[in-house]
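K.L.:
next one to model:
(one chain, ligands or ions: 3)
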Amino acid sequence: MTAIVGQNAPTKHSELLAWVEEVAALTKPDAVRWCDGSDAEWKEFTDLLVDRGVATRLNDEAKPNSFYFRSDPTDVARVEDQTFICTETEDGAGPTNNWSDPAEMKQTMGKLYDGCMKGRTMFVVPFCMGPIDADDPKFGVELTDSEYVVISMKIMTRMGKDALAAMGTDKPFVKCLHSVGHPIADGEQDVAWPCNDTKYISHFPETREIWSYGSGYGGNALLGKKCYALRIASAMAHDEGWLAEHMLILELTSPENKKYVVCAAFPSACGKTNLAMLEPTIPGWTVKTLGDDIAWMRFGEDGRLYAVNPENGFFGVAPGTGYHTNPNAMRTIEKGNSIFTNVALTDHGDVWWEEMTSTKPKHLTDWHGKSWTPDNGEKAAHPNSRFTTPIDQCPILSEDFNNPKGVPVDAILFGGRRASTIPLVAQSRDWNHGAFMGATCSSETTAAATGAVGVVRRDPMAMLPFIGYNANDYLQHWVNIGEKGGDKLPAIFFVNWFRKSDQGKFLWPGFGENSRVLEWVINRLEGKAEAVDTPAGAIPAEGSLNVDGLSLTEEDLAAATRFNAEEWKQEVPLIEEWFDKLGDVPQALRDELDTLKQNLS
Ligand SMILES: Nc1nc2c(ncn2[C@@H]2O[C@H](COP(=O)(O)OP(=O)(O)OP(=O)(O)O)[C@@H](O)[C@H]2O)c(=O)[nH]1
Ligand SMILES: O=C([O-])CC(=O)C(=O)O
Ligand SMILES: [Mn+2]
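P.N.:
Ligands and ions are numbered 1, 2, ... in the order given. Okay, the predicted model is just below:
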C-alpha cells in the first residue's frame, strides 16, 4: 500500500502522505485514488455508478448531467444519537452533546475501521471550506470509500487539485475519515447503497479530526458540511474569536437601492434555503443569495462582522420546493449537474417530490423503488429527500459569493417552528437580549434527523446538534462577541413563520411573503418602522408591517404577530427547565431571564 500511496500522490505534503498511508494500512482498500475534482473525474465516477446500477441518469432534457440515488431505507438522515464530541474531559463536550473519551472512541472505531474498505477504493478528497484565496483558508481532506461522497463533495466544496496545491507541503488541514462500513468479500456483489447498522459520527475538536463510520447520508458523510464547517469550526471559532453558525446569508436591496445583509439561523428543515432564495412579493426589493446553511462570521478591519459561506453548493430539502414556494431553487436544479437522493422518479426519467407541482403525477417510482400512484396513501419522496446542486447555478447568486473577506452583516434573525407563543417577528433590545432569544430558541423536530418528528425541543441558535464543544461556553462566546463588537454588531430579531390557528392552519403565508418581515427589519434599522415594546421584544406596531396586496384576514394577521402574555407565562418555566439542564449558563443570559420574568409580572 505504501507504494500505491507514494507513487500516485500528487502532493509532497508529508503529514497528509503519512496519514493517507496510515489510514490505508488500517482500512485495507484495494486501491488508493487521489481525486482532482475535474469534470473528467465526475464523468468517470457517474458513468461507473450508472453502469453498476447504483445511480440512474436523469433525462438529459429535463436535468442534464444529473443523477438519482435511492439510499438504504435506514440511512436517510443525520443520526444525532450516534454523533459524538470526543474531548479530553466530559465537560469539554458539555451538557448537550454525546461525549466520549477520545482514546476510547478511537479504539472502538479503530476496530470497525480495520479492513472496512476491503474490496473498495479509498478516495483522497482534498477540499477548502470558503474561498481558497482567503487570508487563512480552511483546508480539509476527506478519505472515503464512497463514490457518492466524492461527487457530492465536488458540488458542496471547493474540491480537488487547486485545494491540494494551495495546501502546499505543510498547511494545516482537518483530517476527515469516512467509511460506509461495508467491506466487500471476495466474489461478493456490492449493494446499491452500502452502509452499516453500526454508525458513529465522531469529532475530536482538540485535534481537529473527524471519524465517520456506517452512513452515506449527507450530514453524516459529507464531512466538510456539519462535521467540519459547524462542529470543528465552532471550536476553531471559539479559540480564534469568530462565529461558525447554522445560518443562511442573503443580500437585500431596498427600493432606495441600498444594500443590506441578513443572516438567519433556523433549525434543520425550517426554512433557511427558502428564505435565502426568496422572491420578494413587495415591489422594489430584491434578494441575492450568499448561502443557505452555514455562515462563518469574522470581525473585519472596520470592527463589523463579515459573513462568508464556507460551502460551494446547496444540499436542500426537496419536499415543499416548487415554483410556487422557491422558484430560484427550481431554476438552480434545472440547470442540471445535480444529485437527487430519495426523491421519486417520473416515468420520463425526471424527479418529483411532494408539493413540487400542484397536481401529482399519475405514476411514479417512489423512493423505495416501488410503483406509486396518487391514491396509494404514501409519500413518493422521503420527507428528508435532498437535492445537491452547485451554488454558481443559482440565478440570484450574489457577486460577493467568492469574496474571501465576506459581506458585512446588518441583521441576524433567529427562528424556529413553533405553533404558538412566538410572534411573527420581534426585535431584541440589544445583543445580549438577542443572544437570549437565540439561546432559548425552540422548534419542532423535523425529518432531517432520525427520531420523532414534531416534538418541541430547545435548539440554541439552531446549533443544538452542531456545537462542537460545551454549549455553555458556546453561549458565553456569543456574549463575549457582543462585548467585543459593541455598537457595530448586527441587530438581532426573532421570527416564526410557523404559528398556527386553533384549526391547525399556518397563520402566515410565508415564503415570498416573508419579504414583508425583511422590509420591517430593515425599516427598524433605518428608524422608519414603529414598534411596540413587549417582554418578548419589539413587535410591529399596527400598520407598520407592509400588508399591501396581502390576502390575509385582520384576525389572522393579529394572531400571527401578537404577543400573548399568558402564553409567555407558560414559556418561562420551560426556559427555566432548559437553563437548569444547561447548568452553567452565562450570567448575562440568566439576567435576561430575570428581566423577562419581571417584565411579565
Ligand atoms: N409554512 C412555511 N413553511 C416553510 C417556509 N419556508 C420553508 N418552509 C418549509 O420548511 C421546509 C424546509 O425548509 P428548508 O428551507 O429547506 O430548510 P433548511 O432550514 O434550509 O434546512 P436544512 O437544509 O435541513 O438545514 C420545507 O418543507 C418548506 O416547505 C415558510 O415561510 N412557511
Ligand atoms: O446536514 C444535513 O444532512 C442537512 C442539513 O443541512 C441539516 O440537517 O441541517
Ligand atoms: Mn442545515
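
K.L.:
what's the burial count for the closest residue to Ile492 other than its chain neighbours?
P.N.:
Leaving aside its sequence neighbours, Ile492 sits nearest to Gly434 (Cβ to Cβ, 6 or more residues apart in numbering; 2.5 Å). (Each C-beta comes from the backbone N, C-alpha and C, glycine too.) Residues within reach of Gly434, counting by other Cβ atoms under 10 Å, total 26.

K.L.:
assign Gly434 to helix, strand or coil.
P.N.:
Under DSSP: H, G, I helix; E, B strand; the rest coil, Gly434 falls in the helix class.

K.L.:
which residues does it contact?
P.N.:
Applying Cβ atoms under 8 Å, 6 or more residues apart in numbering to Gly434 gives the contacts 412, 414, 428, 491-493.

K.L.:
residue in the stretch 51-200 of the chain nearest to ligand 1?
P.N.:
In the stretch 51-200 of the chain, the residue found nearest to ligand 1 is Arg78; the distance is 8.9 Å by Cβ to the nearest ligand atom.

K.L.:
right, and that residue touches Lys225 too?
P.N.:
No: between Arg78 and Lys225 there is no contact under Cβ atoms under 8 Å: 10.1 Å.

K.L.:
common neighbours of these two, please.
P.N.:
Joint contacts of Arg78 and Lys225 (Cβ under 8 Å, 6+ apart) are 218-219.

K.L.:
return the set of buried residues in the helix ranked longest in the chain.
P.N.:
Secondary structure of the chain read by DSSP state H shows that its longest helix is helix 565-582. Buried residues in helix 565-582, counted by 16 or more other Cβ atoms under 10 Å: 568, 571-572, 575, 578-579, 582.

K.L.:
kindly report the same for stretch 448-463.
P.N.:
Buried residues in stretch 448-463, defined by neighbour count with 16+ other Cβ under 10 Å: 448-450, 456, 458-463.

K.L.:
over to stretch 300-314?
P.N.:
The neighbour-count check on stretch 300-314 (16+ other Cβ under 10 Å) flags 304-314 as buried.

K.L.:
what's the mean pLDDT across that stretch?
P.N.:
The pLDDT scores in stretch 300-314 average 98.

K.L.:
got any ranges where this protein has weak pLDDT?
P.N.:
1-7 (pLDDT under 70).

K.L.:
and it, which of its residues are near ligand 2?
P.N.:
78, 218-219, 225-226, 268, 293, 315, 448 (Cβ under 6 Å from any ligand atom).

K.L.:
where does the stretch 351-500 of the chain get nearest to ligand 3, residue-wise?
P.N.:
For the stretch 351-500 of the chain, the nearest residue to ligand 3 under the criterion Cβ to the ion is Ala448, separated by 6.9 Å.

K.L.:
hang on, I meant the stretch 101-250 of the chain
P.N.:
His246 (5.7 Å).

K.L.:
can I assume that residue is in contact with Ile294?
P.N.:
Yes: between His246 and Ile294 there is a contact at 6.5 Å, judged by Cβ under 8 Å.

K.L.:
burial count for Leu550?
P.N.:
Neighbours of Leu550 under the rule other Cβ under 10 Å: 14.

K.L.:
quick check: the gap between the residue nearest to Ile492 and ligand 2.
P.N.:
As judged by Cβ to the nearest ligand atom, to the nearest Å, Gly434 and ligand 2 stand 22 Å apart.

K.L.:
element containing the residue of the chain found nearest ligand 2, please.
P.N.:
Among all residues of the chain, Gly219 sits closest to ligand 2, at 2.5 Å; criterion: Cβ to the nearest ligand atom. Under the criterion DSSP states H and E, the helix or strand holding Gly219 is helix 218-221.

K.L.:
contact partners of that helix?
P.N.:
So helix 218-221 is in contact with 77-79, 144, 146, 148-149, 152, 178, 180, 199, 201, 212, 215, 225-226, 315, 341, 386, 388, 448, going by Cβ under 8 Å, 6+ apart.

K.L.:
related to what we said a few turns ago, of the buried residues of stretch 448-463, list those near ligand 1.
P.N.:
Ala448.

K.L.:
what is the most widely separated pair among the buried residues of stretch 448-463?
P.N.:
Spanning the widest gap among those are Thr450 and Met461, at 21.9 Å by Cβ to Cβ.

K.L.:
distance from the chain centre to the lengthiest strand in the chain, please.
P.N.:
For the chain, the longest strand by residue count, based on DSSP state E, is strand 121-129. Remark: strand 121-129 is offset 20 Å from the chain centroid, using Cα atoms, centre = their mean, to the nearest Å.

K.L.:
wait, Pro126 sits on Ala163?
P.N.:
Yes: look at Pro126 against Ala163 with Cβ under 8 Å: they come within range, at 4.6 Å.

K.L.:
mind listing the shared neighbours of these two?
P.N.:
Common neighbours of Pro126 and Ala163 (criterion: Cβ under 8 Å, 6+ apart): Phe139.

K.L.:
the two: which has the busier surroundings?
P.N.:
A side-by-side neighbour count of Pro126 and Ala163, using other Cβ under 10 Å, places Pro126 first with 29 against 23.

K.L.:
separation between the residue nearest to the more buried one when sequence neighbours are not counted and Ile210?
P.N.:
Distance criterion Cβ to Cβ, 6+ apart; nearest residue to Pro126, sequence neighbours excluded, is Leu164 at 4.0 Å. Per Cβ to Cβ, to the nearest Å, Leu164 is found 18 Å from Ile210.

K.L.:
and Leu112, how many neighbours?
P.N.:
18.

K.L.:
can I assume it sits in a helix?
P.N.:
Yes: under three-state DSSP, Leu112 falls within a helix.

K.L.:
pretty sure it contacts Thr198?
P.N.:
Yes: using Cβ under 8 Å, Leu112 makes contact with Thr198 at a distance of 6.7 Å.

K.L.:
domains in this protein, by residue range?
P.N.:
For the chain, the TED database gives the domain ranges 14-55+79-241, 244-312+400-600, 314-393.

K.L.:
circling back: just the buried ones out of the residues of the chain next to ligand 2, please.
P.N.:
Buried residues within the residues of the chain next to ligand 2, counting neighbours by 16+ other Cβ under 10 Å: 78, 218-219, 225-226, 268, 293, 315, 448.

K.L.:
in strands only, show me the residues you listed.
P.N.:
Short answer: those in strands (DSSP E) are Phe315.

K.L.:
show me the helices in the stretch 151-300 of the chain, by range?
P.N.:
Counting by DSSP state H, counting those that start in this stretch, the segments of the stretch 151-300 of the chain that form helices are 161-166, 218-221, 233-240, 272-276.

K.L.:
ok, and what's touching the last one?
P.N.:
Around helix 272-276, the neighbours that count as contacts under Cβ under 8 Å, 6+ apart are 246-250, 264-266, 289-293, 314, 316-317, 320-321, 325-326, 329, 510-511, 514.

K.L.:
inside strands: which ones of those residues?
P.N.:
Cross-referencing those against strands under DSSP E gives 247-250, 264-265, 289-291, 314, 316-317.

K.L.:
show me which pair in these is furthest apart.
P.N.:
For the ones in strands among the contacts of helix 272-276, and using Cβ to Cβ, no pair is farther apart than Leu290 and Val317, which are 18.9 Å apart.

K.L.:
identify the residue nearest the geometric centre of the protein.
P.N.:
Geometric centre of the chain, nearest residue: Asp293, 3.9 Å, by Cα atoms, centre = their mean.

K.L.:
that one reaches Glu311, doesn't it?
P.N.:
Yes: under the criterion of Cβ under 8 Å, Asp293 makes contact with Glu311 at 6.5 Å.
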